[in-house]
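**Student:** okay, here's the prediction I keep looking at, along with the sequence it came from:
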Amino acid sequence: MGQISEQLLKDCIKALCKELTGASLTTVIQDFNGNNHNVLVGIKSKELPRGIGFNLDSNGNMVVIGDGYGSYGTWEKYSTLGQNYAKAFKVLQNVKNKNPHATARMQVREKAVEMEIAY
């Protein structure tokens, strides 16, 4: 996927969270033992109470962290969707750099993200 900015990561995870029923944003997730871990942005839900976190490494690449024990299916889904949203937001950012009036509509479809761009 390549480098992304902190703001782009926060924006895409915030948009994803709005699509997930009952999900909320967080900056602290827990591991199986209840230890807290600070993240740039994360998501918690009834299905994933310990949460999943999204950070950036020193090169600006997204890193997904968390403990999916007992909720691995949901953890994997949120992980994949977070990565797909970041890719879609990066595409949209590139499009808007060339055409500032472009708009987009995105929807979650299981683990996929559909994006429609209008100029």
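**Tutor:** Cool, the structure landed. Keep in mind that this is a model prediction, so the values were computed, not measured.
**Student:** now do the strands in this protein.
**Tutor:** 24-30, 36-44, 52-56, 62-65, 103-109, 112-118 (DSSP state E).
**Student:** looking at the ones you listed, which is buried most?
**Tutor:** Stretch with highest mean neighbour count among these: strand 52-56 (a mean of 22; mean count of other CB atoms under 10 Å). Bear in mind the C-beta positions are built from the backbone N, C-alpha and C, glycine included.
**Student:** which elements pack onto it?
**Tutor:** helix 6-19, strand 36-44, strand 62-65, helix 72-98 (3 or more CB pairs under 8 Å, 6 or more residues apart in numbering; DSSP states H and E).
**Student:** quick one, what contacts the most centrally placed residue in the chain?
**Tutor:** Centroid check for the chain by CA atoms, centre = their mean gives residue 82 as the closest residue, at 3.0 Å. Neighbour list for residue 82: 12-13, 16, 43, 52, 54, 62, 64 [criterion: CB atoms under 8 Å, 6 or more residues apart in numbering].
**Student:** before we move on, back to that, just put the strands of the chain in a markdown table and tack on distance to residue 3.
**Tutor:** Output for the strands of the chain, formatted as a markdown table (distance: least, CB to CB, whole Å):
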| stretch | distance to residue 3 |
| --- | --- |
| strand 24-30 | 21 |
| strand 36-44 | 14 |
| strand 52-56 | 8 |
| strand 62-65 | 9 |
| strand 103-109 | 20 |
| strand 112-118 | 19 |
